[in-house]
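> heads up, no residue letters with this:
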């Protein structure tokens, strides 16, 4: 009986360094809500083409080294804009049809879309200042 009580206490007390011990819960930050992975063509249509907000579309691939650098950098800057712009992530290996439709011939390719139209685009990696300028131009700031 004493062992059972000790085990129950052990299991009910959060371990040091765990999320629960800091009063944090699992959830999404504002930045994460601004960024989403495209699931399929109709999801792209609904969340990107029909979006009332400007959308940055990051065409990337898991095997792409520069994509792994650019993606988080771009996500961070989009999250700082607090919902003024959204970011859609499109894996070209999963969504070849979208890559072909939007003439993506290299990754990373980033499109700026407003009202369903591509208004700007770049290919390759950019530094933070260049990304900020790209985003400001998109939102008209």
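Okay, I see it. What you see is a predicted model; the values in this text were computed from it and never measured.
> switch to C-alpha atoms for all contacts and neighbour counts from now on
Will do.
> burial count for residue 97?
By the measure other CA atoms under 10 Å, the count of residues near residue 97 is 13.
> did I read that right, it in a helix?
Yes. Under DSSP: H, G, I helix; E, B strand; the rest coil, residue 97 falls within a helix.
> any idea how far residue 41 is from it?
Residue 97 is 8 Å from residue 41, where distance means CA to CA, to the nearest Å.
> again, but for residue 61
17 Å.
> which residues touch residue 135?
residue 78 (CA atoms under 8 Å, 6 or more residues apart in numbering).
> I figured residue 106 was touching residue 123, is that so?
Yes. In this structure, residue 106 is within contact of residue 123 by CA atoms under 8 Å, at 7.0 Å.
> What's the local residue count around the nearest residue to residue 49 once chain neighbours are set aside?
Leaving out its chain neighbours, the residue that sits closest to residue 49 by CA to CA, 6 or more residues apart in numbering is residue 116, at 4.0 Å. A count of nearby residues for residue 116, using other CA under 10 Å, gives 17.
> mind checking which helix or strand residue 126 is in?
Secondary structure assignment for residue 126, by DSSP states H and E: no helix or strand.
> ok, and what's touching stretch 122-131?
By CA under 8 Å, 6+ apart, stretch 122-131 touches 66-67, 69-70, 73-74, 77, 106-111.
> nearest to residue 49, of those?
residue 111 (11.8 Å; CA to CA).
> So that closest one belongs to a strand, correct?
Yes. Under three-state DSSP, residue 111 falls within a strand.
> what's around residue 41, how many residues?
Counted with other CA under 10 Å, the neighbours of residue 41 add up to 11.
> So for the lengthiest helix in the chain, what gets flagged as buried?
Criterion DSSP state H: the longest helix present in the chain is helix 65-80. Across helix 65-80, burial judged by 16 or more other CA atoms under 10 Å covers 67, 70, 71, 73, 74, 75, 77, 78, 79.
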